[in-house]
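Participant: Next come a sequence and a model predicted from it.
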Amino acid sequence: MKQLLIFVLMWFSSTMLFAQDIDQDIEDDPDLLENTNSSTFVLGEGLNLNMNQGDYSFKLSGFLQPSYHYEQLQPDTTGSNYLYVGAARINLEGHALKEKVSFFIEADFVNSFSLYEAWGAYHFNDKMTLYVGQKRTFTNDREYTVNESRLSMVTRSALSNAFTTNGREFGLFFTSTFDIGNMVLKPQIAITSGDGMNSFGNNSIDNDKGGMKYGGRLDFLPLGEFTGTDGCKRVADLEREKSPKVAIGGTFSYNMGASNQTGDGHGDFELYNGSGDEEYANYVKFYVDVLAKYQGFSFLAEFVNSSAQSKDDLYTSNQAVIRFTGEEVSSKYVLGMAYNAQLGYVFENGWGLDARYTGLIPEYEDYENSILKKEDWYTFGISKYLKEDALKIQASGSFVDGKDTMNPYTNETITNDRIEARLVAQIIF
């Protein structure tokens with residue numbers, strides 16, 4: 001990690017010197033502008049280098065998120081305080097206009113998996129693109145298709161966090177856009193390893209688990225495209241849409257043998273069939289979502305349902321002694337459904353207010369070992385956009401109404417309610 005950081009700093013320094021040389025040459029001889037590279041830096045848009053009259057371009061950017069988190073179980077427990085760096089990322093991307101290709105690399109210096117994304121893309125035209133590599137998939141809820149730096153609240157909803165582990169996968173991703181009069185249709189298809197990011201583990205002999213994962217998303221925009229390239233890629237209406245805009249989406253994924261509780265990781269547990277061979281359940285997720293914006297107002301609604309299926313009986317050991325029941329499968333996979341609704345408004349002076357409700361409903365509500373717990377989340381957030389997402393401060397507070405349980409030894413009711421507060425400052429460079 002230290003060597004990578006040194007390399008990035010050296011590359012950045014040499015790039016800055018290179019850009020300064022270019023600017024000085026152009027200042028001395030403006031006629032060189034048409035025959036040389038140009039460089040620009042804007043907060044939130046990174047350092048951009050354009051070469052060969054725009055045929056080739058490179059961009060270096062990233063963002064930082066110093067964060068604070070307070071949590072207290074109800075009613076009388078002592079609260080816990082956490083100070084941490086939520087994200088510290090470096091991005092490098094490039095485009096070759098004539099060759100119709102592009103690439104993107106994102107590294108995080110906080111997460112144990114430092115490589116978040118690494119993909120190359122071929123652009124058939126401005127409407128169709130094929131991606132190969134590790135990237136954020138569109139087969140999750142709409143909020144999880146939004147980059148972490150462009151969230152309208154401090155964190156994603158409980159729906160997003162419960163049914164998705166990281167949102168990045170390795171495979172093939174095809175996106176397309178079709179205009180139907182003033183309406184827009186966006187079909188997208190993904191075929192991935194089904195094992196999340198860094199799917200080959202720590203080395204090349206750490207094999208994938210299970211089979212492939214197949215998924216797709218279909219978005220329908222009946223009132224046309226949102227304003228700007230980021231209009232549909234974030235929830236808050238920072239563009240202040242002059243006319244109503246709506247995106248209605250549906251997505252599914254089918255993971256043929258998942259060894260992660262949400263189907264986007266691998267190797268978290270082992271299951272076996274009756275012959276003692278390693279085998280996993282097929283994990284299925286289905287989402288429906290709606291995003292609407294108009295003159296600073298934004299509304300997001302989402303629904304998800306997940307299930308696990310297997311043609312064979314499954315066991316926790318290769319001796320095949322104790323067979324998994326439906327309830328016990330919920331201790332390995334997130335099974336159930338959830339819904340989320342969020343309403344927000346961004347004032348012209350850059351202040352933003354958001355309110356969100358999320359309900360989690362496990363398939364086996366009375367099974368105490370179920371991963372998904374019955375909870376109702378009530379969250380309120382406030383944001384100050386100093387320069388849109390490039391420089392902002394956000395705070396949120398949540399009350400979590402958890403299902404009460406019974407202490408089997410004392411027969412006392414145990415409340416699982418809690419309150420949370422979060423604060424984050426962000427800069428995109």
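Facilitator: Received, thanks. Numbers count the residues shown, from 1 in each chain.
Participant: For residue 119, give me its contacts.
Facilitator: Residue 119 makes contact with 103-104, 131-135, 173 under the criterion CB atoms under 8 Å, 6 or more residues apart in numbering. From N, CA and C alone the C-beta is placed, and that goes for glycine too.
Participant: The same query, at a cut-off of 6 Å, please.
Facilitator: Residue 119 makes contact with 104, 131, 133, 135, according to CB atoms under 6 Å, 6 or more residues apart in numbering.
Participant: Tell me where this structure is predicted with low confidence.
Facilitator: 1-37, 75-76, 112-113, 199-207, 405-414 (pLDDT under 70).
Participant: switch the cut-off to 80
Facilitator: Scanning the chain for pLDDT under 80 picks out 1-37, 74-78, 111-113, 198-210, 229-231, 317-322, 326, 403-416.
Participant: how about the strands of the stretch 301-429 of the chain, start to end?
Facilitator: 336-346, 351-362, 375-385, 391-402, 405-406, 413-414, 418-428 (DSSP state E, counting those that start in this stretch).
Participant: Could I get those strands in CSV, plus columns for mean neighbour count?
Facilitator: Shown next, in CSV, are the strands of the stretch 301-429 of the chain (neighbours: other CB atoms under 10 Å):
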stretch, mean neighbour count
strand 336-346, 20
strand 351-362, 19
strand 375-385, 18
strand 391-402, 18
strand 405-406, 12
strand 413-414, 10
strand 418-428, 19
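Participant: returning to what we had before: quick one: which of the contacts of residue 119 has the most company?
Facilitator: Neighbour tally across the contacts of residue 119 (other CB atoms under 10 Å): the maximum, 24 neighbours, falls on residue 135.
Participant: so what's it up against?
Facilitator: 117, 119.
Participant: Adjacent strands (with direction) for whichever strand or helix holds it?
Facilitator: Using DSSP states H and E, the element containing residue 135 is strand 128-136. Partners of strand 128-136 in the sheet, by DSSP bridges, are strand 115-123 (antiparallel), strand 168-176 (antiparallel).
Participant: Which residue is the nearest non-sequential neighbour of residue 214?
Facilitator: Closest residue to residue 214 apart from its sequence neighbours, by CB to CB, 6 or more residues apart in numbering: residue 254 at 5.1 Å.
Participant: Show me which residues of stretch 118-132 are buried.
Facilitator: Applying a neighbour-count criterion of 16 or more other CB atoms under 10 Å, one finds 118-119, 121, 123, 129, 131 buried in stretch 118-132.
Participant: What ranges does this structure have for its helices?
Facilitator: 2-28, 158-163, 326-329 (DSSP state H).
Participant: what comes into contact with the second one?
Facilitator: Residues lying outside helix 158-163 but in contact with it, judged by CB under 6 Å, 6+ apart, are 141, 143-144, 262, 302, 304, 334, 338, 340, 358, 360, 377.
Participant: let's see 7 Å
Facilitator: 141, 143-144, 262, 285, 302, 304, 306, 334, 338, 340, 358, 360, 372, 375, 377 (CB atoms under 7 Å, 6 or more residues apart in numbering).
Participant: Could you identify the most distant pair in those?
Facilitator: 285 and 377 (19.6 Å; CB to CB).
Participant: OK, contacts around the spatially most central residue of the chain?
Facilitator: Nearest residue to the geometric centre of the chain (CA atoms, centre = their mean): residue 144, 3.9 Å. Counting by CB under 7 Å, 6+ apart, residue 144 makes contact with 156, 160, 164, 167.
Participant: So what's the residue count around the nearest residue to residue 88 once chain neighbours are set aside?
Facilitator: Leaving aside its chain neighbours, residue 88 sits nearest to residue 109 (4.5 Å; criterion: CB to CB, 6+ apart). Residue 109 sits with 16 neighbouring residues when counted by other CB under 10 Å.
Participant: how close does residue 109 get to residue 349?
Facilitator: 34 Å (CB to CB, to the nearest Å).
Participant: nearest residue to residue 401 other than its sequence neighbours?
Facilitator: Nearest one to residue 401, counting by CB to CB, 6+ apart, is residue 376 at 4.2 Å.
Participant: beta partners of that neighbour?
Facilitator: Beta-bridge partners, per DSSP bridges, of residue 376: residue 359, residue 401.
Participant: now it: how far from residue 396?
Facilitator: Residue 376 is 16 Å from residue 396, by CB to CB.
Participant: Minimum distance to residue 325: which of the strands of the stretch 301-429 of the chain has it?
Facilitator: Each of the strands of the stretch 301-429 of the chain has some distance to residue 325 by CB to CB; the shortest is strand 351-362, at 14.9 Å.
Participant: For residue 297, list each beta-bridge partner.
Facilitator: residue 294, residue 345.
Participant: And for the one 10 residues further on?
Facilitator: Beta-bridge pairing of residue 307 under DSSP bridges involves residue 284.
Participant: residues near it, how many?
Facilitator: What residue 307 shows, counting by other CB under 10 Å, is a neighbour count of 16.
Participant: my read: it touches residue 284, true?
Facilitator: Yes. If you go by CB atoms under 7 Å, residue 307 and residue 284 touch, sitting 5.2 Å apart.
Participant: Contacts only, for residue 282.
Facilitator: The contact partners of residue 282, taken as CB under 7 Å, 6+ apart, are 254-257, 308-310.
Participant: try it again with 8 Å
Facilitator: 254-258, 308-310.
Participant: Residue 321 too?
Facilitator: residue 315.
Participant: how many neighbours does residue 279 have?
Facilitator: Count around residue 279 with other CB under 10 Å applied: 19.
Participant: how about the nearest residue to it, chain neighbours excluded?
Facilitator: Closest to residue 279 by CB to CB, 6+ apart is residue 273, at 4.2 Å.
Participant: how about the one you found, what does it touch?
Facilitator: Taking CB under 8 Å, 6+ apart, one finds 279, 312-315, 320 in contact with residue 273.
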